[in-house]
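>>> here is a sequence together with a model predicted from it:
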Amino acid sequence: MDNDLNGESQTVSIRLEGIHKELGAQHVLRGVNLEIFSGETIVLIGASGGGKSVILKHITGLMRPDSGRVVIGNQDISKLNEKGLAVIRQRIGVLFQNGALFDSMSIGQNVAFPLRERGEKNIKTLTEKVTKALSLVGLEEHINKMPTTLSGGMRKRVALARAMIAKPESILYDEPTAGLDPVSTGSIDSLIIQMQKEYGITSVVVTHDMKSARTIADRIAFLRQGSVYFCGTPEEMEGSDDPVINNFINGHPTEEL
Ligand SMILES: Nc1ncnc2c1ncn2[C@@H]1O[C@H](COP(=O)(O)OP(=O)(O)O)[C@@H](O)[C@H]1O
Ligand SMILES: [Mg+2]
């Protein structure tokens, strides 16, 4: 459970052990091993179509490994039934790729959704919590607006408020800054850092944006050919003399996947 790194004892929050997954004709994950420490922000990079979203789906139990284990806290979730998974999912907030707000619900209703699902019915409590979550992302004035009236960056911030409202232990972000302008990207990066600093949330962030990765990551994991090829601090990655790593981070991939 505990690992002694630089003299500090760190608790493993999420552990992927030898995960294999075939999807269709593809052997997408080929022995993924990764330990994610409690309170750290780990950034997952790798070629498009390489299996990053598939890894996040294993962490929430949306996909089950063909072999290997997904351990959350000290529980192997690979074998849990839906009821057991529902309990685990309460501890993990997810910011899906493409935001995925409910367009027929107001911003406030969207953010309240995870609490309502959990059975919270008290309007005063809901309003208070929703207002607080929205103020954290700077959008409390927009509580009654509909998602389609907001910009892409604002929608991502609403999705983040929704992901964190139930105070999860971890938040998984699937390309949270894709398609955003640099200013909106900066505000999402700052919020990810704030979630960590103020709430001690463990974050797993999939991104293509190396600038974001350097800004937010405690460690960067590089997925290549179905397994974690490298995992280390941004400094360790920058300082690497491995051409495979350098080509990837400098945006000159010389190979597919
Ligand atoms: N539900 C699925 N059924 C079949 N193939 C899938 C499914 N989900 C993902 N894949 C395939 O697995 C590979 C990895 O996908 P993904 O994890 O989405 O990549 P990325 O690293 O870009 O997030 C892709 O080739 C994708 O087409
Ligand atoms: Mg993806």
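Nice, thanks for sending it over. Ligands and ions are numbered 1, 2, ... in the order given.

>>> from here on, contacts and neighbour counts on C-alpha atoms
Fine.

>>> what is the burial count for residue 37?
As a burial measure, residue 37 scores 19 neighbours (other Cα atoms under 10 Å).

>>> who are the neighbours in contact with it?
Neighbour list for residue 37: 10, 11, 12, 13, 14, 202 [criterion: Cα atoms under 8 Å, 6 or more residues apart in numbering].

>>> if we use 7 Å, what do you get?
10, 11, 12, 13, 14 (Cα atoms under 7 Å, 6 or more residues apart in numbering).

>>> out of these, who's the most crowded?
residue 14 (22 neighbours).

>>> isn't there a strand covering it?
Yes - secondary structure of residue 14 (DSSP: H, G, I helix; E, B strand; the rest coil): part of a strand.

>>> kindly state the pLDDT recorded for it?
Note for residue 14: predicted pLDDT of 97.

>>> need the contact list for it.
35, 36, 37, 71, 72, 73.

>>> turn the residues you listed into JSON lines, columns for secondary structure, pLDDT and distance to ligand 1.
Compiled in JSON lines, the contacts of residue 14 are given as follows (DSSP: H, G, I helix; E, B strand; the rest coil; pLDDT from 0 to 100; distance: Cα to the nearest ligand atom, whole Å):
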{"residue": "35", "secondary structure": "strand", "pLDDT": "97", "distance to ligand 1": "19"}
{"residue": "36", "secondary structure": "strand", "pLDDT": "97", "distance to ligand 1": "18"}
{"residue": "37", "secondary structure": "strand", "pLDDT": "97", "distance to ligand 1": "22"}
{"residue": "71", "secondary structure": "strand", "pLDDT": "97", "distance to ligand 1": "19"}
{"residue": "72", "secondary structure": "strand", "pLDDT": "95", "distance to ligand 1": "20"}
{"residue": "73", "secondary structure": "coil", "pLDDT": "89", "distance to ligand 1": "23"}
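
>>> out of the residues you listed, which end up buried?
35, 36, 37, 71, 72 (16 or more other Cα atoms under 10 Å).

>>> columns distance to residue 164 on top of those, output as CSV?
Formatted as CSV, the buried ones among the contacts of residue 14 follow (distance: Cα to Cα, whole Å):
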residue, distance to residue 164
35, 22
36, 19
37, 19
71, 21
72, 18
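
>>> show me which pair in the contacts of residue 37 is furthest apart.
Farthest-apart pair in those is 10 and 14; separation 11.9 Å (Cα to Cα).

>>> re the thing from before, the contacts of residue 14: which two are farthest apart?
By the measure Cα to Cα, 37 and 71 form the most distant pair in these, at 12.1 Å.
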